[in-house]
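S.K.: When you get a sec, could you give me coordinates for this:
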Amino acid sequence: MQTVLSIAVDALAYGMVLFIISIGLSVTMGLMRVINLAHGAFAMIGGYFASYAARDLGLGYGVGVLVAIIGTVIIAIPVERFLYRRIYGQPELTQVLMTIGITFCVIGIANFAFGPTLKTIPLPSMLQGSVDLGFRTIATHRLFSIVCGLVVAGASGC
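M.R.: Prediction:
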C-alpha cells in the first residue's frame with residue numbers, strides 16, 4: 001500500500017505541473033485565437049536565463065526568475081513583431097507550421113549556444129528538503145507544485 005501511495009503522490013505532483021502548463025495553453029489557444037506551438041521554446045529560453053543567472057552568476061533564485069522573465073520578454077517582442085503578427089488571422093495550419101519552425105530554430109540556437117547538456121537551477125532554501133507525510137517523505141518542491149496546481153485549479157473553477 002505504501003508503494004501505491006508513493007506513486008500516487010509523485011503522479012499528483014507531475015500531473016499538477018502538466019495541469020498548469022495546459023492552463024497556459026488553453027489561454028493562448030482559446031482566448032488569443034493563436035495556435036502557438038512555440039511556447040515550450042520560450043519556456044526553454046527562460047530556463048536558460050534563470051539557470052545562467054542563478055547558477056553561473058550566483059544571483060539567487062528570485063533574481064534568476066526576474067532575469068528569465070525580462071530576458072525572455074526582450075527576445076519575444078521582436079519575434080512577435082516580425083513573425084507572429086504575420087500569422088494572426090491565418091489558417092490554423094499556417095500557424096502550426098510557423099510556430100513549429102520557430103521552435104526548431106530556437107532549439108537549434110540554444111543547442112549551439114549552450115550545448116546539449118542539461119542545465120540546473122538551484123532551488124531556494126525554502127523549497128529544499130522534504131516533508132514527512134506519514135507514509136513517505138516528499139520533496140518540498142514537489143509539494144509546492146501540488147499546492148500551486150490546486151490554487152490554479154481553484155482559481156480557474158476547474
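S.K.: In terms of residue numbering, what are the domains of the chain?
M.R.: 1-32+126-158, 33-122 (automatic domain parsing).
S.K.: ranking those domains by burial, who's on top?
M.R.: The highest mean neighbour count among these belongs to domain 33-122 (a mean of 15), with neighbours defined as mean count of other CB atoms under 10 Å. For every residue, glycine as well, the C-beta is placed using N, CA and C.
S.K.: Now do it, average pLDDT.
M.R.: If you average the pLDDT over domain 33-122, you get 90.
S.K.: What spatial separation is found between the spatially most central residue of the chain and residue 76?
M.R.: For the chain, the residue nearest the mean C-alpha position is residue 43 (4.8 Å; CA atoms, centre = their mean). Counting by CB to CB, to the nearest Å, the gap from residue 43 to residue 76 is 11 Å.
S.K.: Grab the longest helix from this structure for me.
M.R.: Of all the segments of type helix in the chain, defined by DSSP state H, the longest one is helix 2-26.
S.K.: going on from that helix, what's the next piece of helix or strand?
M.R.: Sequence order places helix 39-51 as the next helix or strand after helix 2-26, per DSSP states H and E.
S.K.: now that following helix, how far from the centre of its chain.
M.R.: Remark: helix 39-51 is offset 7 Å from the chain centroid, using CA atoms, centre = their mean, to the nearest Å.
S.K.: Show me what that helix is packed against.
M.R.: Applying 3 or more CB pairs under 8 Å, 6 or more residues apart in numbering; DSSP states H and E, one finds that helix 39-51 makes contact with helix 61-82, helix 92-114.
S.K.: Adding distance to residue 134, write those helices out as TSV.
M.R.: Listed next are those as TSV, based on distance: least, CB to CB, whole Å:
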stretch	distance to residue 134
helix 61-82	29
helix 92-114	41
